[in-house]
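Chemist: need coordinates for the below:
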Amino acid sequence: MDDNDGTGPTPTAPGSGAAASPDVPVETFLVEPVVRRPRRRRTVAIVAASALALGLATGGAIWSATQSLDSASVSTDSALTQPDEQIPDTSNLPGRGWSGPVRGAEPTALETTAATATQQVGLVTIVSTLGYQEATSAGTGIVLTSDGTVLTNNHVIVGATAIEVTVESTGATYAAEVVGTDATADIAVLRLTGASGLATATIATSGVAIGDAVTAVGNAEGGGSLVAAAGTVTSLDATVTTQDEVTGELVTLDGLLQIDADVVSGDSGGAVLDSSGAVVGVTTAASSGSSNISGYAITIDRALAIAETILAGTDTDTVTIGYPAFLGVQMGTQTGRPGTTVATTGAWVAGVIDGTPAQQAGLAAGDTITALDGVAVGSADALSELLAAHQPGDQVTVTWTSGTTGASQTATVTLIAGPAD
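Modeler: Model prediction:
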């Protein structure tokens, strides 16, 4: 969702498609998995004077670390939240499952129905355990092979430490592993453990045209059942810039199908079906701010091309195979730390995650990581890039400056598998 005051630009649809009406304020957001957190009065401990740019270094990704754990949702404004501020619970807003304030028009009743048995074929619901965030999330997936290859959105499983997939038509539930992801295209491929004989989705052999009838099917609001939202195609080449409500990162997606169906949280990774019931797209984003919801989907041809790269085990600039290497530190800014001795450059540690290599090495909040395997670290981004070059199980030497004594320390640690990114 665009983090604006409801008066920002509308999503554009270059090419032959129509744009959202310029007269209606519209926000666009990734169709988030429904995120649930334990309702406890406890916030993430942040030891920085400023909460800007705090995150977990996870081998190439920086996560926001300022969410309140008593909320049932993740704040889209988390990078601007002060450490002791409680984020409001927006989970009970009618008609929506995304977090953050609803801007523009009030939500309206959704035009959806229970998916038919035919519409459910080849679709699954996904529940991810976000272990380091003490939360769970729910989304949707598309079964590609009978032995359990599943296509979904990257943002459905980002942050996952465990994934459970249910075939709603049979009730069978499987553990899933991440085969690979492409965050820039919002695509992920999962493999179900011990699966066989699964019904697969029918993939369309031709595209759709503007005005064609389509149906978005997904795990709406994370309810654990598949729901169908009928609509029509309004654009074949839409471009939207969204904000991932779990990571806070801005994501620009283009070449999307735009449909006027009531797509909501939990529909992420679900199927857009043509009139014959074949998959033509993967639901990934939607707009709010008007009485009409526009959904956006990655075309199935594009999604499958990325999935083929992942299944081939090909690491690229955008594709990550498997799980990232994980050190286990929360990164922050060194600005505004009176009375603490810190290095002028490096990756400043705002916190250390229990049970991770960072904790075992003796790193602590207030320290500054200055090198990894002898390579100088000038910032949190630099540390992420260095970690991204490693695999779980790799041994690395970490050098840091103590935040209390100013002394330089070094330790060798074994990186572990981090949450999906």
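Chemist: could you export the helix ranked longest in the chain as PDB, CA atoms only?
Modeler: Secondary structure of the chain per DSSP state H: the longest helix is helix 300-311. Provided in PDB are the C-alpha atoms of helix 300-311 (Å, rounded to 0.1, in the frame of the first residue of the first chain):
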ATOM      1  CA  ILE A 300       1.000 -16.700 -15.600                       C
ATOM      2  CA  ASP A 301       3.500 -16.900 -18.500                       C
ATOM      3  CA  ARG A 302       5.800 -14.500 -16.700                       C
ATOM      4  CA  ALA A 303       5.400 -16.200 -13.300                       C
ATOM      5  CA  LEU A 304       6.200 -19.600 -14.900                       C
ATOM      6  CA  ALA A 305       9.300 -18.300 -16.600                       C
ATOM      7  CA  ILE A 306      10.700 -17.100 -13.300                       C
ATOM      8  CA  ALA A 307       9.600 -20.400 -11.600                       C
ATOM      9  CA  GLU A 308      11.600 -22.400 -14.300                       C
ATOM     10  CA  THR A 309      14.700 -20.400 -13.400                       C
ATOM     11  CA  ILE A 310      14.200 -21.100  -9.700                       C
ATOM     12  CA  LEU A 311      13.600 -24.800 -10.300                       C
END
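Chemist: what pairs with the helix or strand just after it, and is each one parallel or antiparallel?
Modeler: Remark: after helix 300-311, the chain's next helix or strand is strand 319-321, criterion DSSP states H and E. Using DSSP bridges, the strands paired with strand 319-321 are strand 172-182 (antiparallel).
Chemist: not counting the strand it pairs with itself, show me its contacts.
Modeler: If you take Cβ atoms under 8 Å, 6 or more residues apart in numbering as the criterion, strand 172-182 is touched by 126, 148-150, 154, 157-158, 160, 162-167, 187-195, 306, 309-311, 313, 318-323, 420-421. Quick note: C-beta positions are derived from backbone N, CA and C, even for glycine.
Chemist: what of stretch 158-167?
Modeler: So stretch 158-167 is contacted by 61, 63, 124-133, 137, 141, 143, 150, 157, 172-178, 181, 183, 190, 192, 198-199, 224, 244, 246-247, 419-421 (Cβ under 8 Å, 6+ apart).
Chemist: quick one on the thing from earlier: and the longest helix of the chain, what's buried?
Modeler: Ile300, Ala303, Leu304, Ile306, Ala307, Thr309, Ile310, Leu311 (16 or more other Cβ atoms under 10 Å).
Chemist: next helix or strand past the one helix or strand in the chain whose mean pLDDT sits lowest?
Modeler: Lowest mean confidence among the helices and strands of the chain (mean pLDDT, DSSP states H and E): strand 55-56, at a mean of 28. The helix or strand immediately downstream of strand 55-56 is strand 113-114, counting by DSSP H and E.
Chemist: circling back to that earlier point, from the buried residues of helix 300-311, which is closest to Val329?
Modeler: Ile310 (27.8 Å; Cβ to Cβ).
Chemist: ok, the closest residue to the closest one other than its chain neighbours - how many residues close by?
Modeler: Nearest residue to Ile310 in three dimensions, chain neighbours excluded: Gly180, at 3.6 Å (Cβ to Cβ, 6 or more residues apart in numbering). Gly180 sits with 26 neighbouring residues when counted by other Cβ atoms under 10 Å.
Chemist: tell me how far Gly180 lies from Gly313.
Modeler: Using Cβ to Cβ, to the nearest Å, Gly180 is found at 8 Å from Gly313.
Chemist: any residues in contact with both of those two?
Modeler: Common neighbours of Gly180 and Gly313, using Cβ under 8 Å, 6+ apart, are Ile321.
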